[in-house]
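1. For reference, the sequence and a predicted model appear below.
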Protein chains: 4
Amino acid sequence: MSEKKTNKLKILNDPIYGFITIPNILIYNLIEHPYFQRLRRIAQMGLSYLVYPGAHHTRYHHAIGSVHLMQKAVRILKFKGVEISEEEATAVYIAILLHDIGHGPFSHALEGQFMKEISHENISLLFMEALNSEFEGQLSLAIEIFKGDYHRKFLHQLISSQLDMDRLDYLKRDSFYTGVSEGTINSERLITMLYVKNDNLVVEEKGIYSVESFIVSRRIMYWQVYLHKTALVAEKLLEKILKRAQELSLLGINLPATKTLSVFLKQPVNEDNLTLETLKEFSKLDDYDILAAIKDWISVDDKILSKLSKSLINRILPKVMIQNEPFTENQLLTIKQQVKEKLNYSDAELDYFVYHGEICNQAYDSTKNNIQIIYKDGSLKDVTEASDHLNILALSNPVYKYYICYPKK
Amino acid sequence: MSEKKTNKLKILNDPIYGFITIPNILIYNLIEHPYFQRLRRIAQMGLSYLVYPGAHHTRYHHAIGSVHLMQKAVRILKFKGVEISEEEATAVYIAILLHDIGHGPFSHALEGQFMKEISHENISLLFMEALNSEFEGQLSLAIEIFKGDYHRKFLHQLISSQLDMDRLDYLKRDSFYTGVSEGTINSERLITMLYVKNDNLVVEEKGIYSVESFIVSRRIMYWQVYLHKTALVAEKLLEKILKRAQELSLLGINLPATKTLSVFLKQPVNEDNLTLETLKEFSKLDDYDILAAIKDWISVDDKILSKLSKSLINRILPKVMIQNEPFTENQLLTIKQQVKEKLNYSDAELDYFVYHGEICNQAYDSTKNNIQIIYKDGSLKDVTEASDHLNILALSNPVYKYYICYPKK
Amino acid sequence: MSEKKTNKLKILNDPIYGFITIPNILIYNLIEHPYFQRLRRIAQMGLSYLVYPGAHHTRYHHAIGSVHLMQKAVRILKFKGVEISEEEATAVYIAILLHDIGHGPFSHALEGQFMKEISHENISLLFMEALNSEFEGQLSLAIEIFKGDYHRKFLHQLISSQLDMDRLDYLKRDSFYTGVSEGTINSERLITMLYVKNDNLVVEEKGIYSVESFIVSRRIMYWQVYLHKTALVAEKLLEKILKRAQELSLLGINLPATKTLSVFLKQPVNEDNLTLETLKEFSKLDDYDILAAIKDWISVDDKILSKLSKSLINRILPKVMIQNEPFTENQLLTIKQQVKEKLNYSDAELDYFVYHGEICNQAYDSTKNNIQIIYKDGSLKDVTEASDHLNILALSNPVYKYYICYPKK
Amino acid sequence: MSEKKTNKLKILNDPIYGFITIPNILIYNLIEHPYFQRLRRIAQMGLSYLVYPGAHHTRYHHAIGSVHLMQKAVRILKFKGVEISEEEATAVYIAILLHDIGHGPFSHALEGQFMKEISHENISLLFMEALNSEFEGQLSLAIEIFKGDYHRKFLHQLISSQLDMDRLDYLKRDSFYTGVSEGTINSERLITMLYVKNDNLVVEEKGIYSVESFIVSRRIMYWQVYLHKTALVAEKLLEKILKRAQELSLLGINLPATKTLSVFLKQPVNEDNLTLETLKEFSKLDDYDILAAIKDWISVDDKILSKLSKSLINRILPKVMIQNEPFTENQLLTIKQQVKEKLNYSDAELDYFVYHGEICNQAYDSTKNNIQIIYKDGSLKDVTEASDHLNILALSNPVYKYYICYPKK
C-alpha cells in the first residue's frame, strides 16, 4: 500500500456517521490551516450547553460533517446521471467546508459584536479569498459557487438553500448532542431523494414525507433548543457583557483580556476599517478569549460588568418571560419600575438588566428557494402545494413570540 | 439472594429499551400461558416485511414492550403525586399486556375473516375473561379498566386513547424495525410529560412539541409504512386468497390445511355460534397455519386459488395505482375490460384479480379522547387550539386516497 | 431521470445500516427469484426468539446485509489500490448473496435432517448451479470464487474466512436483534482496515484492537446467544420432534404435514438420491411447514410426538444442565433412572426425553485461514503473535461444555 | 401538581441515557454551586478532541451521568433485597457527584501541575469538606463513604472500585463521544447483575461475559483513545508549556494570563501552603484560563514558550515514536543530537522539545478490589479464576510501552 494512498485515506471518527473520509489532499490541507483549526474552539451552539449539557460540539465538527454529507450528495446525484466534474465536486467540498469559517466566538451569539454589521457569511468569504491567495487559486471555483455566481445553480443550492448540506448536518448534529430526539432528521434518506431538474435541486415524490418530517423537526429544534428560553437569556446576557466591556474600553478603561480580545474591545471593526490585518487578528479570536476575560471581569471595579459576568459564569441567570403578544409600553414600564425600586438601579443600569425583544420561528419559507417535488412524469410542485400537506403550509407561517428578561428577585 | 427474588426479577432483552422487567409473578404467569405464547407466532405488521425486510417483530414483543412503558407511566404519575394503588398498577399492566391477545393471523390483515364482524378488541376481551376464570378472578379489575367501566378514567386512557401505551410502543417499535427513522417517537419524553387532571390524562405544557412530533410521526408511519402500496396490495391479496379458500371449502372442497385452519375455513364463526370451544380453537391459529396452507394451495386444482397463492409466495404482486380522487365507474370498467381481454379471465375471476378501495389517514382525531395540554396555571386546552399549532389542526383532517389493484402485464 | 436508472437504484431500508443499495440488475433479479425469496421464511437464528424475543430476523435480511458490507469492502480495497474488476465485484456480490441459500428450515437447527449428511454450503452450491443455468452462465465466476477455485484467493476470503462479510454481518445483526449489546462489532471499522497482501486479506496494524474486540464479541455471542441453554434445548427438542416424525413416517404412518414436508418425512434425501427435482422440492421447505405441522402433531396418536410437540409450541421446555466436564456414565444412568421411574417412560421413550451432548466455543481458530496483521513496513504477523495479545491466544483455545436435557419434574 | 413536586422532578437530556433525573433538592443545590458549575468548563478527556473531534464532553456531564447510574444501582440492589436507607442513598449520590470535583484544567493532563503532589481525589475531598460546611453537615455521610470509612464497604465500592459507577459512566461516555464503538460497554446490564455478598459488591454468574466484555473494552479504550499517540503528545506538550510558563514566572517574568492563572504560575501550591483561600482560587481555574493564555503566549519574547504554544494552538504537533522496549541511552542520544544539529537548539531547549516516557495499560488489576463472581450456590470466585476465562487473566497483566517525542523535520 503506497504511503501516498493511505495518507489520502484520512478517516475521522464521528459519533453520528461512524466515519468521515477526507476526500482529497487539498481539503486535508485546508482543514490543517490555522484559520480552520480555530473552529475547534468555537461552540456550534453558543451557550446552549447551559441547558443541554451534551451540546459542546464545535463548528469544526459541523463543517467536516457537512463535507461528509456533500460527498454522499455528489455520489447519489452522479449515480442518477447528473454530471458533476471532479473539479466541481472538490469545489463544493471546499465551499461547504468553509461556509462557516467566518463565525466568531460562540457562533451566532456575538455575531456583529466585533465585526459591526458584517454577517458571518461575508467574513467566511473574506477568509476564503485569503486562503485562495495562499493556495494559489485552487479555491476560485469554490468561491464562485459559494457566491452564487457559477452558472450551475444547483451546486450553490447544495451549499445554501432550504435543503443544503449545512442544515442537513447541523439539525442532525444538534439534535444528537442535545439529546432532543424529536429533532432528529433522516439526512441520509433526504439526500437519497435529491435530484436535479432545470438546474434546480429537487426532491423525488417519494421523499415528500421526509421533507415534511424535516420541516417539522426544524421547527421543533427552534422552539425547543435554539430559542429555548434559558439559552436565549444566556446569549442575551453574553451580548450585554460584551457591549458593556466595549463601552468601558472605548472610555479608555483597561479591562483584563487577551491581546486579541483587547484589540476588538478597543476598536470595533466595520466595513470601512476592515483590512487583511484585522481578518488575521479575528482569526485568533474564539470562545476561550471571551470566557477567560469574563471570569476576570467578575472582579473589575465596574459594578455592572462585574455583576453581569458573575451571573453568567455561575449560571445564575435572569428570569425570562415569553408571550405571544408584544409587551405593551405599560407592561415594560411596570417591570422596569419594580426592578429599579427593588434593586436600587440607575436608569443606565436598567438597560443592562432588563431587556426585551422578539423571536421568530419560520420552519419553511416558501418565498425563497422553495423546496420542489418532482413527480414521475417530470412535473414539479412546491412542497406546500401537494394536496395532502396543509400542515407544511401551516408551517411556513412565521410565528413570533416576545420575551423580556429581568433579574431574579 | 433468595431464589424467590431473582425469579421475580425476570428480565428480557429488548433491542429498543435495553431491558424489560416483568413486574410480578402474575404477569409472568400470564405471559407463559399458551394463549399469550401464541402471539410469538403473529407478525405485528402482517406482511409489511415484504417491503421492510426488518419488520418481522411480533405481537408478543409489542405487548411486552407496552407493559414496559406502562411501568414507566405509573412510576412517573406516582412521582408527580397521582395516587395509583398496587392493585390498580397490576391491573393496567395486565390490561395492556392482553389488549391485543385477540389478534388473529397477520394481525389486521385478516381481521374479521375468521371471526365475522367481531373486532380483535372484543376477542381480546373474551380471552381475558377466559383467563380470569383460570386465574380465579385476578383479572377482574384489569377487565373493568379495559372496558372503560372503572371509575378512574385515566387508567383506561393509559390503555386506550390517543396517547396510550399501545401507540407509544407500536409507533416506536414499528419505526425501529422498518428502519423508517422519520417515524420515531420519543416515547420516554412523552411519558415524562404525562399528568392527570380531572381524572383525565393530560400533557404538561412543555411537552407540546413532543405531542406535535408524535402526531406527525404517526401520519408519516401511516403513509410510508402501514398504507405503503406494496404492503397494501400484499394484504389485499392475502384477503382474497382466504376468501377464495373459504368459498371453496363451503362448497365442500377439501383444501390442504392444518386442522385448526380447516375448522375456520369450513365454518366461519360469528357472534351467534361463538363458544368457548371456538375461542380455544382460535387460540391455535396463527401465521404459520396460513402461510403453510397457501404454499400448498399453489398446487390445488382451482386456478384462481392457485394463481393467487403463487403470486403471494413468490412475491410477484399485482400492480397498484393510488390517486386522490375515487376511481370513476368508467375508469374501473376500462381497467377490468383490459385485464379480461389480455388474460382471458371470466367475470367471476375478475373479482379476485381486480379490486379497488379507499384508504384513510387521520393522524389526530380531535373529536374523541382528544389530547389536552395543561398549563402552569392549571388550565386546559385541546392541543389543536394552542395558538402556534395550526399544523396539528391540519393534521386532524382525515385524508382519503383511492387504490386499484390489477395483474401486472 | 431515466426509468432505467431509478430502477437500478433499488434501495432497501435496514434498521442497522440505514439503507442498502442493490448494486445491479443481476443481483436484483437473483433476489426476486423464488429460491431466494424463500429465505424470507427462514429465521436466521432458528428458535432463539424463544429467549430473545426480538430475534425474528431472517436469512433473507442477513444475505442482503452481507451484500451491503461486500460493497463497502470492494470500495475500500479499490481505494487503497487493490485492483478488482467490475466482473469480479459482481461475482463476490453474487457469491455472498447466495452463500446461505442452501439453509433449510430454522437454519442450523435442522441441518442434515432432511438432506442427510449434506452441508448447507453444498446445497447452496447446488442452488447456485441451478441458477447459473437459468441465468445463462452469469454466475460462473461467482461459483468459482465460492468454491475457492479462482486464482485470486482474497476474493474467496471475503466470502469465507475468519473475517468474511458473512460473519461481519451476522454478528452485528444477531447482536442488534437480540439486544445483546456486548456482542456488537464495528463492522464498518474492520472493513476500513482491510488490505490485500500476497493475495491474502490482511488487517492494517491500527486495526488490531478492532480484531481483538471482534473475537471477544464473537465468543460472547456464542456463550450468551448461540449456545444459550434455553435456545439449545429448544433446538434439540425440535430435532427430536422431526426425528420422531420421520421414524413414524418411515413406518408408514401418515402424519399431517404440507405436501413438501411429507415428501421429506417419507424419503430422506442423501447424496445418492439427490436430484434437481429434490432440490426444487427442498426450495419450497421453510419454517412455516415445520411449525404448522408440529402444531397439528400435538393431537396425533403417538404419545411421544404429541408430547414433544406440545412442549415446543407452548414453550414448556425440558430442563438443561450444563457443566465443564463430560457427564459420567453413572450420572447419565441416575438421571435416566429417575425420569423413567417418575414419568413411567419406556426405554424407547427415554431417548426422546433425556439426551446429552457437547458444545464447543472457539472464538478464533489460528490453524486455518488465520487473521494476519500487516505492519507499516509490509511485514505480516498472525494476530495471536502480536506481543500484547496474550488474550487472543487464550481465545483461540476451544472451550467445551457438556449438557444434559430431561423433563421438568 | 404542586410546584414543589415538579421542581424536584428536574430532568436533564442526555444523548446517552435519554433523560437523567436529579434525585432530590440537595443534589440539585450542589449542582448549582459554582464549585460544581466550574466542571462545565473542564473537558473530560483533556485534549483528546484533537484526535476525536466529538470528544468535547465535560466533567460536569460525566459527574451527572454517574449519578444517573448510581440511582439505577441503588434501585436494583434494593429490588434484590439489599437494604439501603434513604440517607445512604443520598450519600452515595453526593459522593459520586463530587468524586471528580477536584479535577483541574484539562482533567488528567495537568494534574499535579498547579497543586504539587496532591491528587485530584484529595482535592475533591477538600471541596467536599468546604461544601459540607456550607451545607451544614449534610455531606458528612457522603464524605465518610468517599473516604472508605463507613462500615458498609460496598457503598464505597459503588464509588471507587473496578466496577464503580465512575468507570461505568466514563467508559460508556468516552466511547460514545469519540465514536470508538469497540469501547462501548453495557453499563445497564452490568448494573443489573450487581449484588452484595459479605458486604462486597459482586456480580451474578450470568454477568461474567459482560464483565469480560467490560475489561476488554476498557483495554481497547486505553490503547485506542486514552493513550492514543497524538493525544499523548498533545498532553505532554501542554505539560511542557505550563512547566515553561511557571519557570519564567518564578524568574519574575510577567506572562499574560488571567488573574487566577497568574496566581498559580507565580506560586505553586503544595500540601504545606494549601489554604481554603487557595482552594477558592483553584475553583476558578479551568480550561479557558489555560488556552486563552497559551494563545497569548505565542507572541511572548521567550522563544521556547512561544514555539511550544504555537505548536499546540495550530495543532502542528511533535512526532511521536512508540515501541515495546524502553529506548536505550544510545537511541535517546542519537535523536537528541539530530534535533540539536538540525534545529540549532541549546541543551536547555532540548528538554522542551525532545522528551520520552513510559505508558502502561492494565485493563484489570486482580490484586486490589478484584471483581468477584457469585454462583447460584452462594460461593464466590475471582473473575480470573473462572475456568473459561484465561483471557481475563491475560488482560490483568500490565502492558508497558515507551514513547519519545521530537520535532517534525
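-> Nice, thanks for sending it over.

2. make it CA atoms for all contacts and neighbour counts henceforth
-> Fine.

3. For the stretch 1-150 of chain A, which residues are neighbours of chain D?
-> Counting by Cα under 8 Å from any Cα of the partner chain, the residues of the stretch 1-150 of chain A lying close to chain D are A:12-16, A:18, A:32-34, A:37-38, A:40, A:52-57, A:60-61.

4. Report the buried members of those residues.
-> Listed as buried from those are A:12-16, A:34, A:37-38, A:40, A:52-57, A:60-61; burial here means 16 or more other Cα atoms under 10 Å in any protein chain shown.

5. Write out the residues of the stretch 301-409 of chain A neighbouring chain D.
-> Residues of the stretch 301-409 of chain A lying near chain D by Cα under 8 Å from any Cα: A:N314, A:R315.

6. In the stretch 301-409 of chain A, where is pLDDT below threshold?
-> For the stretch 301-409 of chain A, the stretches flagged by pLDDT under 70 are A:387-390.

7. The buried ones among the residues of the stretch 1-150 of chain A next to chain D in helices, which ones?
-> A:P34, A:Q37, A:Y60, A:H61 (DSSP state H).

8. so A:G102 touches A:F127, yeah?
-> Yes: in this structure, A:G102 is within contact of A:F127 by Cα atoms under 8 Å, at 6.9 Å.

9. neighbour-wise, which of these two wins?
-> A direct count of neighbours by other Cα atoms under 10 Å in any protein chain shown for A:G102 and A:F127 places A:G102 higher, at 26 against 22.

10. a strand runs through that one, doesn't it?
-> No: going by DSSP: H, G, I helix; E, B strand; the rest coil, the assignment for A:G102 is coil, not a strand.

11. how close does it get to A:H108?
-> According to Cα to Cα, to the nearest Å, A:G102 stands 11 Å off from A:H108.

12. swap in A:S119?
-> A:S119 is 10 Å from A:H108, by Cα to Cα.

13. With A:K310 instead?
-> Separation of A:K310 from A:H108 (Cα to Cα) stands at 22 Å.

14. Using the three-state scheme, assign A:Y400.
-> strand.

15. Tell me, how many residues neighbour it?
-> A:Y400, neighbours per other Cα under 10 Å, totals 15.

16. A:Q323 is in contact with that one, correct?
-> No: A:Y400 lies out of contact with A:Q323 (Cα under 8 Å); the separation is 9.2 Å.

17. circling back: compare neighbour counts for A:S119 and A:H108 and give me the winner.
-> A:H108 (17 against 14).

18. OK, contacts around the residue nearest to the more buried one when sequence neighbours are not counted?
-> Distance criterion Cα to Cα, 6 or more residues apart in numbering or on different chains; nearest residue to A:H108, sequence neighbours excluded, is A:G46 at 7.0 Å. By Cα atoms under 8 Å, 6 or more residues apart in numbering or on different chains, the residues touching A:G46 are A:P105, A:F106, A:S107, A:H108, A:A109, A:E235.

19. Distance-wise, check the residue lying closest to the third one once chain neighbours are set aside relative to C:F135.
-> The shortest distance from A:S107 to any non-neighbouring residue, by Cα to Cα, 6+ apart, is to A:G46 (5.6 Å). If you measure A:G46 against C:F135 using Cα to Cα, the figure is 60 Å.

20. got a list of what A:S124 touches?
-> Taking Cα under 8 Å, 6+ apart as the test, what A:S124 contacts is A:L98, A:H99, A:D100, A:I101, A:G102, A:H103.

21. ok, the third one - how many residues close by?
-> Residues contacting A:D100 under the criterion other Cα under 10 Å number 24.

22. close enough to count as contact, it and A:H120?
-> Yes: judged on Cα under 8 Å, A:D100 makes contact with A:H120 at a distance of 7.1 Å.

23. What ranges does the stretch 301-409 of chain A have for its strands?
-> According to DSSP state E, counting those that start in this stretch, the stretch 301-409 of chain A carries its strands in the segments A:319-323, A:355-361, A:372-374, A:380-382, A:399-406.

24. okay, these, which one's buried deepest?
-> strand A:372-374 (a mean of 25; mean count of other Cα atoms under 10 Å in any protein chain shown).

25. What helices and strands are in contact with that strand?
-> Counting contacts by 3 or more Cα pairs under 8 Å, 6 or more residues apart in numbering or on different chains; DSSP states H and E, strand A:372-374 is packed against strand A:200-204, strand A:380-382.

26. Cool, thanks, talk later.
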